[in-house]
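>>> coordinates for the following, if possible.
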Amino acid sequence: MFGVVVAALAGAGAAFFGKKAALMVQKPKDVKVIYFQMAGRAGAIRAACKLGGIPFENSFVDASNWAKAKTGMPFGQVPCIELKGKGLVSQQRAILRYIGKYAGLYPQDPFKALLVDEFMDACEDLVQILLPSFMEKDEELKLKMRNELTEPESPFRKQLANLEKRLIHNGGPYAVGGSLTIADIILAQPIEFDIRSGSMQGIPNDILRKDYPALDKHADLMAALTCWKMD
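Residues are numbered from 1 along each chain as shown. Sure thing, here's the model as predicted:
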C-alpha cells in the first residue's frame, strides 16, 4: 500500500513539474516590436524572434508620430516591445536577453551567459564610438569624423581589434564558441552588416576583409541566415 502511495505521489509530482517546465518554456505570443521602418537597433530583435519561431508584429514610428509615441515609452526611446497583458518594455539588450531565453539563443549556463553579455556590451561600446558621426548632420564634418575613425590608433579600430581577439579566444565559429547566440546577432546587425554594406560613408566596406578576417568570416556566417529581412 505504501509503495502504491509513493508511486502515485511520484507520478503526480512528475506531472506537476512537467507542466511547470512546459509553462516555463512556452514562447511569448502577440509580441509587438516598436521602431522606425529600418533595421537599426531593432534589426537584431526581429532576427532573434524569427530564429526562435516567436511571432511578432512590427509597429513603425516615424517623424509624424514620434513626438507623441515616445511620451508613452518607459525611457522615451525605441526599440520597445509590447507584450500582451504586460505592457511596454525597452532597452535593446534587455529585450534580446528576454527573447533569447525563449529562442534558445541565450545560454542557461551562467558563465556562458556572462560571455554573451560581455560580447554584447563590447559591441555597444563600438556603437557608442560610431554614434557621434551618425548624429552629425553636416556631411563634410561627418566624413571627416569617419576618416578619423579609420586611422591606425583610433578607438574604432582598437575596438574592432578587441572584438576580433575575443571572437578568436572564444573558439568560434560563433561569438561565444560553437553555438549561435544573441551576441552573434547584435554583432552582425548593425556592426558587421553596416560596415560591409558601404552605408557608413568614409569607412571602407572592405575594412573587415582586409584587417579583421575573423570578423569578416563571422559576417559571412551570419549573412547566410534567413532572418534579416524586415517584414
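>>> the strands in the protein, which residues?
Counting by DSSP state E, the segments of the chain that form strands are 31-36, 56-61, 80-83, 87-90.
>>> take those strands and write them to TSV, including mean neighbour count, distance to Leu115 and mean pLDDT.
Quick note: C-beta positions are derived from backbone N, CA and C, even for glycine. As requested, those are exported to TSV (neighbours: other CB atoms under 10 Å; distance: least, CB to CB, whole Å; pLDDT from 0 to 100):
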stretch	mean neighbour count	distance to Leu115	mean pLDDT
strand 31-36	19	26	97
strand 56-61	15	27	96
strand 80-83	21	25	97
strand 87-90	14	24	96
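>>> can you list these in CSV and add distance to Met120?
Conversion of the strands of the chain to CSV gives the following (distance: least, CB to CB, whole Å):
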stretch, distance to Met120
strand 31-36, 18
strand 56-61, 20
strand 80-83, 17
strand 87-90, 16
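>>> Gly202: which of these is closest?
Minimum separation from Gly202 across those (CB to CB) falls at strand 31-36, 22.7 Å.
>>> what's the angle between the closest one and strand 56-61?
What separates the directions of strand 31-36 and strand 56-61 is an angle of 30 degrees, with axes from the mean of the first three to the mean of the last three CA atoms, to 10 degrees.
>>> can you list the strands that strand 31-36 pairs with?
Paired neighbours of strand 31-36 in the sheet (DSSP bridges): strand 56-61 (parallel), strand 80-83 (antiparallel).
>>> what comes into contact with the shortest one?
The set of residues that contact strand 80-83 without belonging to it, under CB atoms under 8 Å, 6 or more residues apart in numbering, is 28, 30-35, 45, 56, 59, 73-74, 88-90, 95, 98.
>>> kindly recompute the last result at 10 Å.
Counting by CB atoms under 10 Å, 6 or more residues apart in numbering, strand 80-83 makes contact with 28-35, 42, 45, 49, 56-57, 59, 61, 69-70, 72-74, 87-92, 94-95, 98-99, all of which sit outside it.
>>> in stretch 221-231, which residues are buried?
Of all the residues in stretch 221-231, those buried under the rule 16 or more other CB atoms under 10 Å are Leu221, Met222, Cys227, Trp228.
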